[in-house]
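A.B. asks: coordinates only, no sequence provided:
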């Protein structure tokens, strides 16, 4: 992606509404024969830039499986995940998939996924080290990302010194520091109290629109669902409902 202003917005959305990821006929089956589990059964989906796509459904409906396929963490049994440059993510060699994940996709996990012995800044820095970004650039981007999520003053603190909400903010900063155009978040507020969860929801919505990110979030939270630009409902691995939020962003 192009260089972003340090202001602290990482970049300005220029492709709002343009599909960044497209899923075509996704099927994912685990096991075989009579014991096979059909986690996804023919899901189609477009994930547009600067839009929040929320995936909801009961436990076992296929939400996490769908996110894993969209994020390149798993491959479909059949069907395709296509990037906006025309490449079929689900068919790329593993080395190329890894490069896409490092360069274009940010992940936010329900369990935060922070390294306990590293400071907030060091946790955020990890993706840039994997990209072999220069030390000076790493420092600048880490400071920028922590400022973006409101944690500039907590850069030297370790996860155990931070609240759950602050830890998730670190997780979001880490997801954004490599300047992805796709954000995948699986139940990002699942371990937070309702007030903290609302704050994290606000942050995700704001960053999606201000940074032009194509965000896909699985959640049961009614408030976040109500703020979705695109709502995808799954039941038994099938997409049964798509509805925009009534809120205008």
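C.D. replies: Nice, I can see it. These figures come from a predicted structure and were not determined experimentally.

A.B. asks: how much space between the nearest residue to residue 236 once chain neighbours are set aside and residue 92?
C.D. replies: Ranked by C-beta to C-beta, 6 or more residues apart in numbering and with sequence neighbours excluded, the top spatial neighbour of residue 236 is residue 61, at 6.6 Å. C-beta here means a position set from N, CA and C on the backbone, and glycine is covered the same way. Relative to residue 92, residue 61 is positioned 27 Å away (C-beta to C-beta, to the nearest Å).

A.B. asks: got it, and residue 82?
C.D. replies: 11 Å.

A.B. asks: picking that back up, which one of residue 61 and residue 92 has more residues nearby?
C.D. replies: For the pair residue 61 and residue 92, the greater number of neighbours falls to residue 61 (22 against 17), based on other C-beta atoms under 10 Å.

A.B. asks: give me the phi and psi angles of the most centrally placed residue in the chain.
C.D. replies: Closest to where the C-alpha atoms of the chain average out (C-alpha atoms, centre = their mean) is residue 184, at 1.7 Å. When quoted as degrees, to the nearest 10, the phi and psi of residue 184 stand at phi -110, psi 120.

A.B. asks: and if you look at residue 46?
C.D. replies: Here the main-chain torsion angles of residue 46 (degrees, to the nearest 10) amount to phi -110, psi 130.

A.B. asks: how far away is the residue nearest to it when sequence neighbours are not counted from residue 44?
C.D. replies: Counting by C-beta to C-beta, 6+ apart, residue 46 lies nearest to residue 19, which is 4.3 Å off, once chain neighbours are set aside. Distance, residue 19 to residue 44, using C-beta to C-beta: 12 Å.

A.B. asks: those two - which one has more neighbours?
C.D. replies: residue 19 (16 against 13).

A.B. asks: got the confidence number for the more buried one?
C.D. replies: Turning to residue 19, the model gives it a pLDDT of 91.

A.B. asks: return the set of residues that bridge with it.
C.D. replies: residue 48 (DSSP bridges).

A.B. asks: next secondary structure after the one helix or strand residue 207 maps to?
C.D. replies: Using DSSP states H and E, residue 207 maps to helix 194-210. Where DSSP H and E defines the elements, the next helix or strand beyond helix 194-210 is strand 214-218.

A.B. asks: mind listing what's buried along the very next helix or strand once past that next one?
C.D. replies: Using DSSP H and E, the helix or strand that follows strand 214-218 in sequence is helix 222-226. Under the neighbour-count criterion of 16 or more other C-beta atoms under 10 Å, helix 222-226 has 224-225 buried.
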